[in-house]
Structures are given as C-alpha cells and as structure tokens.
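Enquirer: Based on what follows, work out the 3D shape:
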Amino acid sequence: MNSKLTRGIVVIVVMLGIWYCPVPQGLSQQAWHLFAIFAATILGFILQPLPLGAVALIGVTFAALSNTVKPNEALAGFSNTTIWLIVSAFLFAKGFIKTGLGRRISFKLIEWFGSSALKLGYTLVISDFIISPATPSNTARCGGILYPIVRSLASAFGSEPRQSPRKIGSYILATTFQADAPIAAMFITACAPNLLIVAFAQDVANLSISWGTWALAAIVPGLLSMLIIPYFIYKFYPPEIKETKEAQRVAKEELNNMGKMSRGEWVITGVFVGALLLWSTSQYTNINATVVALLGVCVMLVSGVLEWDEIIEEKGAWDGMMWMGGIVGLAGALNKVGFIPWFATAASGLMGHQDWLITLAVLFLIYMYSHYTFASLSAHVTAMYGAFLAVAVSAGAPPFLAAFGLAALSNLMAGLTHYATGSAPLYYGAGYIQQKDWWNIGFCCSVINFIIWIGIGSMWWKVLGLW
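Expert: Here you go, the predicted structure:
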C-alpha cells in the first residue's frame, strides 16, 4: 500500500476513534468532536500524508462541513495578525536577498566573526539578546529582524535548502530559533505573553513582578541558556564546516566587488531600521507589529524594490499562511468551545492532594509539554497559566517560584515544534531542517532549558530571596 495513503488512513482512524469515544464529563459533544479534528490535524502534520497546507485545509474544511464550528470560526485563523506578520517576514527576507543587502550584511558578519561556525552562532544569539528588551514580539524579533540576516548568511556560504543545507545553514537557523526561546523569557518586554503573565500573577497570587525583578531573576538562567544551547546544537546537529577563516578573506573580496550600497539596499535599510524602531516603541505608539511589517512591504512595493508578481510568487509565505492559519484557527475554536479550559482544570485537579513540590514539578511538566497541542504562546498562557498557578499556590508552593517558573516555561516551550510560535513556520519553512530533526532538537533543548531555568534558576531565585 502507498506510504502516504497508509499515513492518511492512520490519521483518519485516530480522528474517528476519538470522535466516537464517550464524551468526558464536563465537555460538550461539540468540544470533543473539535478536539478529534484538531488532534488528527496535528497528527497529519507529523505523519504528512499530504503537504502541511493541504492537511490544515482539510482539517478546517471538515470542521465546518461537520457543523462542529461555523465557517467563519473555522477560517478565523487566516485573519490572525501573527499569520500576516509571518507572511511579511518572508517578504522582508525576499527584499534583503533581491537587493543584495542581506548578502552585504552577511559578508560583513563573516568578515568580523566568520573564523568558525560556532562564533557565528553566538554572534546571532547575542544580536537577538541585545534587541530583545525593546522588542515585545518574539515573532517580530526572531522572524522579522533576524531571519533575513540568518537566511542570507547561509546563502553566502553556499548553503541552500536543496544544496548543502548541513554545510552551515541548518546549524545557524536551528541555533538562532532555539536560543530565542530563553531570550524571550529574560525580559517582560521580550515577548507579548509576558505582559499577560504579570497580570495573571497579580490577580491569582497577589504577586507583583516588576520589570527589574523579572530581569534580575532571569539573567542567570538566561545567560546560561545562551551559553549552552548554541554549543549543544553545534555538537548534536553539527555543521559540516567548522573552521571558516578562508571565508573571511573571500568576504573582504566580495565586499570590495559589491562597491557602494545601491538605491534598493538603502530602501531596504530604511524599511528595516524603521520597522525596528516602530516595533521597539510599540508600547508607546500602540502600532501593531503586523501593521508595521505590512507598512514595510508597502514601502518596498511603492519604491519598486519588490514587484507584485514577486510577492505572489513567494511560495513559502503563502504556504506558511495556509497551514499556520488553519491550525491557529482550530486552536482558537478549541479554546472557545471550552476544551482547553477543561483540560487545564482536569490536569491541575489531579494534583490537589500531593506535596507541593511534587505538585509543582508535575504541573511544570504538563504545562511545558502540553504545548505540543498549541500553535500560540498567547493562547497557551491565556488558557492554562492562571489555572495552573492557582493549583500550585493552593497546594502550598511559594508564589514566586510557581509564578516565575510557569512564566519561564511559557517562553521556553516555543522551541518544541515547527508550529509552536509565530516565527517557527518561517524557520521551518526555509527548508533547511527536516521535521524529525526539528522535533529532536526542540525536545532536547527543552530538557536543557527546563533543567537550567527550573533547576538552577530556582536556586538563583532563592539566593535573591524571591521565595
């Protein structure tokens, strides 16, 4: 039997098995049926009997066809601002590559730090860290700002998705994406859900966490993650080239050949710097990050840097929109019909009579790895953070330990899957990293980060007198 057909049958059987199981107490039939569709869609993403976009489209269509949700609810994910931010990030990258600005930046980075692949990895991570306090969107930062540079850097080394991806491209993409998760946990303003977490901690545990307290608590585990993750990936998923000193000489020659910056490069520079400034000041201007990104695309169109035909031919952007929009829509509907709150309550209720240390450890693990079923950090935090924090505190766990541990995990889980956060489909969609490798790297990095933040981090917070 055809392999794809077999995998497709497995997906359908799993969906029907869940669909016809007795509905758990406390759930509506609608919520249970939607979970069956969602679970089958996630399994379809894993087994891939069809391309991801096709799997998502089938899931969304069946949800509406079966009257499990209304058509406008099934399609709601395609109007999600994060989805359009992803599309815009693909187009930013196209502008960087077309004008040659990405190539110029890449060669300059190689000239300065290109003596080894490992140094390049650390350089990109440090760049992410420097801009993170002023960029309250990990999607905008990791996707819109860093991705075009990382992608161009890979090309500068002759490492393309279909030709020598493991030469260096796979390593620097994996490193940049995985390191962004702990960096997002280092500042209240480094990731949008962090602001929501502060409000939940105040409401649920009467705990006030200031910007300075958050940064102080996160600095030690955050720096450890920044130090260890690039080196771990370097060993676990090594680039084919290690020493790249010859590339520094080539980079100097290429920069000389390129000459002065062209008009197109200056336009892209203006768009890039302008977007960075608007993203970093969004808390004052109240301009949405996606609107900023779309404005940048409009400027590229008006200036002639990008043509409309080039935009509609950007397959990665529209493919990412299709599958990510589908899963975000289903996840949002799952929350709306009450499944996710029910899951959070049921999972936390099982811990009610245990010692607080055991209860907290189990809650941390459930909270972290239940993100395999989520396509949004914000949705996960909204659905589960408050309930889990309430159970932990009621079991006797120190409020700060519980609140900040869950806060850290709310960011660290972003590295688990290729749909876990807004920038994930951008890096995965580049085609450098196979899905099996992505999930293996994501899981291993999640374990490392868990040990650093919950293990060493909790001791650091104790030293600070926070619990």
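Enquirer: from here on, contacts and neighbour counts on C-alpha atoms
Expert: OK.
Enquirer: I'd like to know which helix or strand in the protein has the lowest mean pLDDT.
Expert: helix 339-349 (a mean of 72; mean pLDDT, DSSP states H and E).
Enquirer: Give the next helix or strand downstream of that one.
Expert: As assigned by DSSP states H and E, the chain's next helix or strand after helix 339-349 is helix 356-369.
Enquirer: Which elements pack onto whatever helix or strand comes next after that next one?
Expert: For helix 356-369, the following helix or strand on the C-terminal side (DSSP H and E) is helix 377-380. Counting contacts by 3 or more Cα pairs under 8 Å, 6 or more residues apart in numbering; DSSP states H and E, helix 377-380 packs against helix 192-205, helix 399-412.
Enquirer: looking at the ones you listed, which is closest to Val125?
Expert: helix 399-412 (15.1 Å; Cα to Cα).
Enquirer: Residues in contact with the closest one: which ones?
Expert: The contact list for helix 399-412, computed with Cα atoms under 8 Å, 6 or more residues apart in numbering, reads 181-182, 184-185, 191, 193-194, 197, 201, 205, 207, 360, 364, 367-368, 377, 380-381, 385, 389, 392-393, 446, 449-450, 453-454, 458, 461, 466-467.
Enquirer: so what pLDDT did the closest residue to Leu207 other than its chain neighbours get?
Expert: Of all residues not flanking Leu207 in the chain, Ala201 sits nearest, at 5.4 Å (Cα to Cα, 6 or more residues apart in numbering). According to the prediction, Ala201 has pLDDT 88.
Enquirer: contacting residues for Ala201?
Expert: Going by Cα under 8 Å, 6+ apart, the list of residues near Ala201 reads Leu207, Ser208, Ile209, Gly386, Leu389, Ala403.
Enquirer: What separation do you get for it and Pro398?
Expert: 12 Å (Cα to Cα, to the nearest Å).
Enquirer: same check, this time on Pro148
Expert: 43 Å.
Enquirer: now do Ile183
Expert: Ile183 is 25 Å from Pro398, by Cα to Cα.
Enquirer: Next: Asp180.
Expert: 28 Å.
Enquirer: Which one of those two is surrounded by more residues?
Expert: In terms of neighbours (other Cα atoms under 10 Å), Asp180 is the more surrounded of Asp180 and Pro398; the figures are 28 against 17.
Enquirer: quick one: that one from Gly415, how far?
Expert: Taken as Cα to Cα, the span from Asp180 to Gly415 is 8 Å.
Enquirer: tell me which element Val69 is part of?
Expert: For Val69, there is no helix or strand it lies in under DSSP H and E.
Enquirer: and the residue nearest to it when sequence neighbours are not counted, what is it in contact with?
Expert: With Cα to Cα, 6+ apart as the criterion, Val69 has its nearest non-adjacent residue at 5.9 Å, and that residue is Ala63. Ala63 sits next to Leu34, Ile37, Val69, Ala74 when contact means Cα under 8 Å, 6+ apart.
Enquirer: For this structure, give me the ranges with low pLDDT.
Expert: 1, 106, 134-136, 246-247, 280, 283, 344, 347-353 (pLDDT under 70).
Enquirer: Please go through it and pick out the longest helix.
Expert: helix 211-236 (DSSP state H).
Enquirer: ok, the residue nearest to Leu207 to Phe400 distance?
Expert: Counting by Cα to Cα - Ala201 and Phe400 are separated by 9 Å.
Enquirer: And for Ile287?
Expert: 32 Å.
Enquirer: Need the contact partners of stretch 120-132.
Expert: 109-110, 113-114, 141-142, 146, 150, 171-172, 175-176, 179-180, 183-184, 187, 189-190, 226-227, 230.
Enquirer: Look up phi and psi at the residue nearest to Glu243 when sequence neighbours are not counted.
Expert: Leaving aside its sequence neighbours, Glu243 sits nearest to Ser116 (Cα to Cα, 6+ apart; 4.5 Å). For Ser116, the backbone dihedrals (degrees, to the nearest 10) come out as phi -160, psi 160.
Enquirer: Begin at 27, not 1, for the rest of this chat.
Expert: All right, first residue 27 from here; so that's Ser142.
Enquirer: for Ser142, what are its contacts?
Expert: Contacts of Ser142 (Cα under 8 Å, 6+ apart): Lys268, Glu269, Thr270, Lys271.
Enquirer: My guess is the last one contacts Ser141. True?
Expert: When you say that, I think you mean Lys271. Yes: Lys271 lies in contact with Ser141 (Cα atoms under 8 Å); the separation is 4.4 Å.
Enquirer: Run a quick neighbour tally on the residue lying closest to Asp381 once chain neighbours are set aside.
Expert: Leaving out its chain neighbours, the residue that sits closest to Asp381 by Cα to Cα, 6+ apart is Ala421, at 7.1 Å. By other Cα under 10 Å, 19 other residues sit near Ala421.
Enquirer: Settle this for me: Ala421 is touching Leu389, isn't it.
Expert: No: counting by Cα under 8 Å, Ala421 does not reach Leu389; the two are 11.2 Å apart.
Enquirer: measure Glu291 to Ser329 for me?
Expert: Distance from Glu291 to Ser329, counting by Cα to Cα: 11 Å.
Enquirer: did I read that right, Glu291 in a helix?
Expert: Yes: counting by DSSP: H, G, I helix; E, B strand; the rest coil, Glu291 is located in a helix.
Enquirer: what's the closest non-adjacent residue to Trp138?
Expert: Per Cα to Cα, 6+ apart, closest to Trp138 is Gln274, 7.6 Å.
Enquirer: Against Phe213, how distant is Ser158?
Expert: Counting by Cα to Cα, the gap from Ser158 to Phe213 is 8 Å.
Enquirer: In contact with Phe213, which residues?
Expert: Phe213 touches Ser158, Pro159, Trp237, Trp240, Ala241, Ala244, counting by Cα under 8 Å, 6+ apart.
Enquirer: does the fifth one really touch Ile214, like I thought?
Expert: Okay, so that is Ala241. Yes: Ala241 is within contact range of Ile214, at 7.5 Å (criterion: Cα under 8 Å).
Enquirer: between those two, who's got more neighbours?
Expert: Neighbour tally, Ala241 and Ile214, criterion other Cα under 10 Å: the higher count belongs to Ile214, 27 against 18.
Enquirer: contacting residues around the more buried one?
Expert: Going by Cα under 8 Å, 6+ apart, Ile214 touches Pro159, Pro162, Asn220, Leu221, Trp237, Trp240, Ala241.
Enquirer: Report the separation between it and Arg177.
Expert: Applying Cα to Cα to Ile214 and Arg177 gives a distance of 28 Å.
Enquirer: on that earlier part again, as CSV, the helices and strands packed on helix 403-406 with distance to Leu69 would be great.
Expert: Compiled in CSV, those are given as follows (distance: least, Cα to Cα, whole Å):
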stretch, distance to Leu69
helix 218-231, 27
helix 425-438, 22
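Enquirer: For Val325, find the nearest of those helices.
Expert: Closest approach to Val325 among the helices and strands packed on helix 403-406 (Cα to Cα): helix 218-231, 26.0 Å.
Enquirer: and Glu186, backbone torsions?
Expert: The phi/psi pair for Glu186 (degrees, to the nearest 10) is phi -120, psi 160.
Enquirer: who are the neighbours in contact with it?
Expert: Ala180, Gly195, Tyr458.
Enquirer: A helix includes the last one, no?
Expert: It stands for Tyr458. No: if the criterion is three-state DSSP, then Tyr458 is coil and not within a helix.
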